[in-house]
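Undergrad: No sequence on hand, only this structure:
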């Protein structure tokens, strides 16, 4: 279980304290805060890990807004593999960036979003997709709202009958 | 019968609590197994990752003999940790090829010089495309591919000394 996963540098709590003390709020301390703020952004490459710049379409939208909207909608329903719990649209991990580039390039080449999803599901399983599929294991999920509404109607019917009596 | 029915909501609630308690006690399984095991190696032809090694293509992985494909990167710390185990596998006669994820050739060269070089061929995968095609979700990962190019085994994470036997067994089984 020692996959390389992005890690974040935590901010220095001492600096937060110093800026919270009112008497010490002079320009020198403000300057410190600004430096810290800049340092936080400079620390971003440590989070990204790989030394290569992001893929072309990792952070660049497609020229055609209709295609970009299609790609965007798909990216929001694909799970990031290294930051499980975020979609690839929300993640700054290198791998999520590469996956966005893959999605955009394939959409630009005219591939249907569902074909790209299927390609990924074939490799990573249904897990990679946030959009639940219709298969025996998810039938209860799809049936639950219908069952609950039916149960609700049944209960409500009993109530109404009592009132009219 | 009616009294039994009255207890039903509590029973459902207890069942819910037990399910949650079991789920909480079970250690989280965050490994994503590739669904490509048992399937043919997807087609690819990579550029060389370093000048010292020939590049890797899918065709090299169906040349009649099983091989190991190690997905690694010079910027990946666990890849350094597994280097001695890969060298041990190489000494036992296992042919190993590498796929370098998002890497620069000078960094790969430095990595090999520092941590050992178990590879026959190394392909560069600058945009993680082969990694996606393999269903691999991180570095390092190691795949056992048989002589016909069918993926037989996947090891997720760094190869620890205690994992070598299992990989050796998967390699022997792929013969």
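TA: That came through fine. It should be emphasised that the depicted structure is a prediction, and the values quoted were computed from it without experimental measurement. Residues are numbered from 1 along each chain as shown, chains lettered A, B, ... in the order given.

Undergrad: And the lengthiest helix in chain B, what's buried?
TA: In chain B, ranked by residue count with DSSP state H as the criterion, the top helix is helix B:8-25. Neighbour counts over helix B:8-25 (16 or more other Cβ atoms under 10 Å in any protein chain shown) mark no residue as buried. In short, each C-beta sits where N, CA and C put it, glycine included.

Undergrad: Following the chain past it, name the next helix or strand.
TA: The helix or strand immediately downstream of helix B:8-25 is strand B:47-48, counting by DSSP states H and E.

Undergrad: I'd like the distance from that following strand to the chain centre, please.
TA: Once both centres are worked out by Cα atoms, centre = their mean, to the nearest Å, strand B:47-48 turns out to sit 21 Å from its chain's centre.

Undergrad: partners of it, with directions?
TA: Neighbouring strands of strand B:47-48 in its sheet, by DSSP bridges, are strand B:119-125 (antiparallel).

Undergrad: what residues does the partner strand touch?
TA: By Cβ atoms under 8 Å, 6 or more residues apart in numbering or on different chains, the list of residues contacting strand B:119-125 from outside reads B:44, B:46-50, B:53-57, B:60, B:70, B:95-103, B:105, B:108, B:112, B:130-131.

Undergrad: How about the contacts made by residue 105?
TA: If you meant another chain, say so; for now it's chain A. The neighbours of residue A:105, taking Cβ under 8 Å, 6+ apart as the test, are residue A:57.

Undergrad: hm, I was asking about chain B
TA: Listed by Cβ under 8 Å, 6+ apart, the contact set of residue B:105 reads B:48, B:49, B:50, B:51, B:124.

Undergrad: Relative to chain A, how far out is residue B:146?
TA: Counting by Cβ to the nearest Cβ, to the nearest Å, the separation of residue B:146 from chain A is 19 Å.

Undergrad: Run through chain A and note the low-pLDDT ranges.
TA: Screening chain A residue by residue with the criterion pLDDT under 70, one finds the ranges A:1-49, A:162-165.

Undergrad: Which segments of it make up each domain?
TA: For chain A, the domain assignment from automatic domain parsing gives the residue ranges A:65-128, A:134-165.

Undergrad: In space, what's closest to the residue nearest to the spatial centre of chain B - neighbours in sequence excluded?
TA: Note on chain B: the residue nearest the mean C-alpha position is residue B:141, at 2.4 Å, using Cα atoms, centre = their mean. Of all residues beyond its chain neighbours, the one nearest residue B:141 is residue B:71 (4.5 Å), with distances taken as Cβ to Cβ, 6 or more residues apart in numbering or on different chains.

Undergrad: The longest helix seen in chain A and chain B, any residue contact?
TA: Counting residues, the longest helix in chain A under DSSP H turns out to be helix A:139-164. No - using Cβ under 8 Å from any Cβ of the partner chain as the criterion, no contacts between helix A:139-164 and chain B are found, and the smallest distance is 12.6 Å.

Undergrad: picking that back up, which pair in the contacts of residue B:105 has the greatest spatial separation?
TA: Farthest-apart pair in these is B:51 and B:124; separation 11.4 Å (Cβ to Cβ).

Undergrad: which one of those two has more residues nearby?
TA: In this view residue B:51 and residue B:124 are compared by other Cβ atoms under 10 Å in any protein chain shown, and residue B:124 has more residues nearby, 23 against 9.

Undergrad: Distance of the more buried one relative to residue B:55?
TA: Distance from residue B:124 to residue B:55, counting by Cβ to Cβ, to the nearest Å: 8 Å.

Undergrad: Equivalent analysis for residue A:106, please.
TA: The separation that residue A:106 has from residue B:55, given Cβ to Cβ, amounts to 24 Å.

Undergrad: And for residue B:112?
TA: The value you get for residue B:112 to residue B:55, if Cβ to Cβ is used, is 15 Å.

Undergrad: ok, how many other residues are close to the nearest residue in space to residue B:86 that is not next to it in sequence?
TA: Counting by Cβ to Cβ, 6+ apart, the nearest residue to residue B:86 once its immediate chain neighbours are dropped is residue B:118, at 4.0 Å. With neighbours defined by other Cβ under 10 Å, the count for residue B:118 comes to 24.

Undergrad: tell me the strands in chain B, going along the chain?
TA: Under the criterion DSSP state E, chain B contains strands at B:47-48, B:67-72, B:96-101, B:119-125, B:141-145, B:151-156.

Undergrad: Return the distance of the fifth one from the chain's centre.
TA: The gap between the average C-alpha position of strand B:141-145 and the chain average comes to 5 Å, counting by Cα atoms, centre = their mean.

Undergrad: Within its sheet, name the partner strands of it and how each one runs.
TA: Sheet pairing of strand B:141-145 (DSSP bridges) gives strand B:67-72 (antiparallel), strand B:151-156 (antiparallel).
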